[in-house]
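Asker: below is the sequence, then the predicted model.
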Amino acid sequence: DSGVTQTPKHLITATGQRVTLRCSPRSGDLSVYWYQQSLDQGLQFLIQYYNGEERAKGNILERFSAQQFPDLHSELNLSSLELGDSALYFCASSPTNGGVDEQYFGPGTRLTVT
Amino acid sequence: GNSVTQMEGPVTLSEEAFLTINCTYTATGYPSLFWYVQYPGEGLQLLLKATKADDKGSNKGFEATYRKETTSFHLEKGSVQVSDSAVYFCALTRGDKIIFGKGTRLHILP
């Protein structure tokens, strides 16, 4: 158990819909990272927050957005969903703003868009 | 820019065989290097890391040495077990950015 929790575990929704994925980092970790894992694209870094502020952006679509709240939990919002958005979405946390820190991954949310 | 290239899988070996999974990187300056492992149905977890040249990371019988001259961080294990079947990711961090390789699926036959 990494100490990172993600909800829901599974999500099935239709094209065009909007969903919110939630992540609670390990106690004390200030950084939260979001990743998308699909069979054809591998593990793609989406976005990082550090202590409530956006710190780094990866391959995140404009239809996707995220935020980190004062209690350090984070939400990833996916809108206008397409079939190609079906993937595993992982959240990870680390104590500081990257560098040599290990990232602790949650168990993921499996999103299926039908 | 920064990048990580690792050997494509799947890699299939018999139990007790020697394992090497190649990883090379491109980065400015001195990145930190990591190997993460993802067991079926789980998130990634850190396997080992090295933060400077010639450092050797090791864990659970796996080893990798940070080779600056060849920009490599190859993962090795002397005798694999069926329980090592998983996907292995090489990664580097440079400042506040982390970059993962595409992952190598390892399948160990009993």
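Answerer: Alright, I've got the coordinates. Residues are numbered from 1 along each chain as shown, chains lettered A, B, ... in the order given.

Asker: residues of chain A that sit close to chain B?
Answerer: Counting by CB under 8 Å from any CB of the partner chain, chain A comes close to chain B at A:2, A:4, A:33, A:42-43, A:45, A:48, A:50, A:55-56, A:90, A:92, A:97-108. Quick note: C-beta positions are derived from backbone N, CA and C, even for glycine.

Asker: just the buried residues of those residues.
Answerer: Among the residues of chain A next to chain B, the ones that count as buried by 16 or more other CB atoms under 10 Å in any protein chain shown are A:2, A:4, A:33, A:43, A:45, A:48, A:50, A:55-56, A:90, A:92, A:97-99, A:101-108.

Asker: out of these, which are inside strands?
Answerer: Counting by DSSP state E, the part of those found in strands is A:33, A:43, A:45, A:48, A:50, A:55-56, A:90, A:92, A:104-105.

Asker: where does chain A have low pLDDT?
Answerer: Applying pLDDT under 70 to chain A flags residues A:98-100.

Asker: next: chain B.
Answerer: In chain B, residues with pLDDT under 70: B:96.

Asker: hang on, residue A:102 packs against residue B:34?
Answerer: Yes: between residue A:102 and residue B:34 there is a contact under CB atoms under 8 Å: 7.5 Å.

Asker: can you list residues touching both of those two?
Answerer: Common neighbours of residue A:102 and residue B:34, using CB atoms under 8 Å, 6 or more residues apart in numbering or on different chains, are B:46, B:49.

Asker: which residues does residue B:9 contact?
Answerer: Shown in contact with residue B:9 (CB under 8 Å, 6+ apart): B:87, B:103-106.

Asker: would you say it is within a helix?
Answerer: No: under DSSP: H, G, I helix; E, B strand; the rest coil, residue B:9 falls outside any helix and is assigned coil.
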